[in-house]
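Q: okay, predicted coordinates and the sequence, questions at the end:
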Amino acid sequence: MRVRIYLTRDEYARSGTEAPVCVVIDVLRATSSIVTALAHGCAAVVPVAEVPRARALGAERAWLVAGERNGVKLPGFHFGNSPREMTSPQLRGKTLVITTTNGTATIMTGSRAKLCLVASLLNLSSTAEAVLAAGGEVAVVCSGTEGRFSLDDYYVACALTTLLTSCLEPSGKAARRARFILQRYPDPLDALRASAHGQRLQRLGFGEDLVWCARVDAFPVVARWNRGAVVASRQSPVSGTARLLRSMPGAAKGRAAGRRQSWPPDFCPALHPVAFPAPVVAPYCCP
């Protein structure tokens with residue numbers, strides 16, 4: 001298995017990679033909102049890049065519509081981009097169209113892969129299990145913030161990488177950097193709050209969204225692209241890979257609402273301040 005982290009959507013698009021598996025991350029907040037909606041009974045989530053397209057689909061097909069620009073809910077939409085809104089009973093069995101500043105365009109870019117997965121901390125282990133089951137080359141794509149590196153997305157990419165490396169025991173620069181980031185921010189909420197985008201959301205009054213998005217493995221859902229929409233499949237709690245992931249030292253174990261997970265450090269460099277934006281993450285390779 002070969003995994004590479006791309007720090008922004010543009011970096012991934014320029015790479016021309018043909019990795020059969022693509023994992024898209026926009027933890028604050030698009031992928032967290034999509035995973036939450038699917039976990040609460042939404043039948044499918046249709047990501048679109050442009051606001052007019054979202055409005056048109058909602059009107060033509062009587063679909064529910066969610067979206068934001070610059071963190072703020074769009075006028076006339078049913079929902080904004082807060083994952084806490086995605087628990088609404090109104091979503092059960094329905095299709096939701098969503099457009100956001102960063103994440104939805106990234107999902108559409110990643111959808112050309114044979115298997116495109118939508119990841120957040122909320123479904124971290126389930127996503128890792130799906131990646132391991134698929135095998136082959138994997139592109140982990142951070143949405144970033146308006147084309148720039150974003151600590152919050154990179155943190156989730158590092159958490160996913162650490163789960164995979166803990167199972168496969170490879171060595172390499174990417175694995176070491178991932179463990180360093182998790183040691184630097186052992187509480188996921190601290191990483192989200194430290195990010196520039198997280199700070200902006202807090203100023204806009206969405207601090208509770210960060211708490212929601214920091215819950216590791218709240219939902220046993222694999223969110224995957226399927227013919228123009230993101231749909232859910234639930235992981236079996238008795239799956240061998242799931243048991244392995246959940247039994248690892250430091251693996252996510254808390255599914256209770258509101259519980260935050262910390263990873264005990266198993267990589268111990270000197271704790272120097274992390275300089276961002278980070279360099280491009282070199283791939284690690286597993287035989």
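A: Right, received. Where do you want to start?
Q: okay, and for this structure, where does confidence drop off?
A: Low-confidence segments of the chain, defined by pLDDT under 70: 166-175, 234-287.
Q: how does it look with 50?
A: Residues of the chain meeting the criterion pLDDT under 50: 169-171, 237-287.
Q: and residue 193, helix, strand or coil?
A: The three-state assignment at residue 193 reads helix, by DSSP: H, G, I helix; E, B strand; the rest coil.
Q: that one and residue 209 touch, don't they?
A: No - contact between residue 193 and residue 209 fails when scored by CB atoms under 8 Å: they sit 11.3 Å apart. Where C-beta positions appear, they are placed from N, C-alpha and C, glycine not excepted.
Q: which residues sit in contact with residue 145?
A: 102, 196, 197 (CB atoms under 8 Å, 6 or more residues apart in numbering).
Q: quick one, phi psi at it?
A: Dihedral angles of residue 145 (phi, psi; degrees, to the nearest 10) stand at phi -120, psi 110.
Q: if it is in a bridge, with which residues?
A: Here residue 145 shows beta-bridge partners residue 148, assigned using DSSP bridges.
Q: and the strands in the stretch 1-150 of the chain?
A: Under the criterion DSSP state E, counting those that start in this stretch, the stretch 1-150 of the chain contains strands at 2-6, 21-25, 44-47, 64-69, 72-73, 95-99, 115-119, 137-142.
Q: so of those strands, which one's packed in deepest?
A: Of all those, strand 21-25 carries the top mean neighbour count, a mean of 29, counting by mean count of other CB atoms under 10 Å.
Q: restrict that strand to CA atoms and write it as PDB.
A: The C-alpha trace of strand 21-25 is given here as PDB (Å, rounded to 0.1, in the frame of the first residue of the first chain):
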ATOM      1  CA  VAL A  21      -8.600   5.300  -3.600                       C
ATOM      2  CA  CYS A  22      -9.100   9.000  -2.700                       C
ATOM      3  CA  VAL A  23     -10.000  10.100   0.800                       C
ATOM      4  CA  VAL A  24     -11.300  13.700   1.100                       C
ATOM      5  CA  ILE A  25     -11.100  15.700   4.300                       C
END
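Q: does anything pack onto it? Which helices or strands?
A: Contacts defined by 3 or more CB pairs under 8 Å, 6 or more residues apart in numbering; DSSP states H and E place strand 21-25 against helix 103-110, strand 115-119, helix 124-134, strand 137-142, helix 151-168.
Q: which of the contacts of residue 145 ranks first by neighbour count?
A: residue 197 (25 neighbours; other CB atoms under 10 Å).
Q: residue 104: how many residues sit nearby?
A: Other residues near residue 104 come to 29 when the count uses other CB under 10 Å.
Q: now it: how far from residue 30?
A: To residue 30, residue 104 is 6 Å away according to CB to CB, to the nearest Å.
Q: show me whatever sits in contact with both of these two.
A: Common neighbours of residue 104 and residue 30 (CB under 8 Å, 6+ apart) are 47, 98.
Q: for burial, what's the neighbour tally of the nearest residue to residue 71 once chain neighbours are set aside?
A: Spatial nearest neighbour of residue 71, excluding adjacent residues (CB to CB, 6 or more residues apart in numbering): residue 204 at 4.9 Å. Neighbours of residue 204 under the rule other CB under 10 Å: 13.
Q: ditto for residue 74
A: Neighbours of residue 74 (other CB under 10 Å): 18.
Q: thought it was touching residue 58?
A: No - between residue 74 and residue 58 there is no contact under CB under 8 Å: 10.8 Å.
Q: which stretches of the stretch 151-287 of the chain form helices?
A: Applying DSSP state H, counting those that start in this stretch to the stretch 151-287 of the chain gives helices spanning 151-168, 173-184, 188-194, 196-203, 207-213, 240-247.
Q: could I get those helices as a markdown table with distance to residue 87?
A: Listed next are the helices of the stretch 151-287 of the chain as a markdown table, based on distance: least, CB to CB, whole Å:
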| stretch | distance to residue 87 |
| --- | --- |
| helix 151-168 | 21 |
| helix 173-184 | 28 |
| helix 188-194 | 19 |
| helix 196-203 | 18 |
| helix 207-213 | 10 |
| helix 240-247 | 24 |
